[in-house]
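> Kindly generate the corresponding structure for this input.
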Amino acid sequence: MGGHIRTGKTGEQLAVAFFEAAGYDILHTNWRFKHWEIDIIARKAATIHFIEVKTRRSAKYGHPEEAVTTAKIRYLLNAAEQYLFLHPEKNLVQFDVLAITFNTNNQPDYFLLEDVYL
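Numbering: from 1, shown residues only. Predicted coordinates for the structure are as follows:
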C-alpha cells in the first residue's frame, strides 16, 4: 500500500474521532454507490453531514482543502443525492470538508470547512 493511501486511511480514522468528539453520530464511512464514494456520513441534531476528508503529511504541495475541486464537490453532490434517495428521512443536509495536515511534530492539525457550496 502506497504512503498516500496510508495517509488517507489515517486521516479518515482521525476524522471519525474528530466528529465523534464533537457530538456527531457517524452513520457511514466510505459509503459507496456505483463509482461514487462519500468519506463520512454523519448526523448531528437534525442535519445529515456529507463529509469529504483530505489529509496531507505536510503543506509542501499545498493545503489538503485545495485538493477539493469543483469536480470533487459535484461528485460528492451526486453521491449524496443517491444516498438521500435511498434514505428518504426528513433531515437538513450539509456538505463539509475536513482538511488534516500533520505538523512538524507529526501531530494532526484540523481545518473544518462547514456548509460548502459550489
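
> can you give me the strands in this structure?
Counting by DSSP state E, one finds strands in the chain at the ranges 25-33, 36-44, 47-56, 92-102, 108-113.

> Walk me through which strands the longest one pairs with, and which way each runs.
Looking back up the chat, that one is strand 92-102. strand 47-56 (parallel), strand 108-113 (antiparallel) (DSSP bridges).

> now residue 28, nearest residue through space, not along the chain?
Using CB to CB, 6 or more residues apart in numbering and skipping residues adjacent in sequence, the residue nearest residue 28 is residue 41, 4.3 Å away. C-betas here are computed from N, CA, C, even on glycine.

> Run a quick neighbour tally on the one you found.
For residue 41, the neighbour count with other CB atoms under 10 Å is 21.

> how near is residue 69 to residue 116?
Residue 69 sits 12 Å away from residue 116 when distances are taken as CB to CB, to the nearest Å.

> Tell me who's in contact with the residue nearest the centre of the chain.
Computing the C-alpha centroid of the chain and ranking residues by CA atoms, centre = their mean puts residue 52 first, at 2.3 Å. For residue 52, the contact set (CB atoms under 8 Å, 6 or more residues apart in numbering) comprises 38-39, 68, 72-73, 76, 95-98.

> among these, who's most crowded?
In the contacts of residue 52, the most neighbours by other CB under 10 Å go to residue 98, 25 neighbours.

> Model confidence for that residue, exactly?
Note for residue 98: predicted pLDDT of 97.

> So what's the gap between the longest helix seen in the chain and the chain middle?
Looking across the chain with DSSP state H, the single longest helix is helix 3-21. Distance of helix 3-21 from the chain centroid (CA atoms, centre = their mean, to the nearest Å) equals 9 Å.

> got the contact list for it?
Contact with helix 3-21 is made by 26, 29-30, 39-40, 42, 49, 51, 53-57, 98, 100, 108, 110, as judged by CB under 8 Å, 6+ apart.
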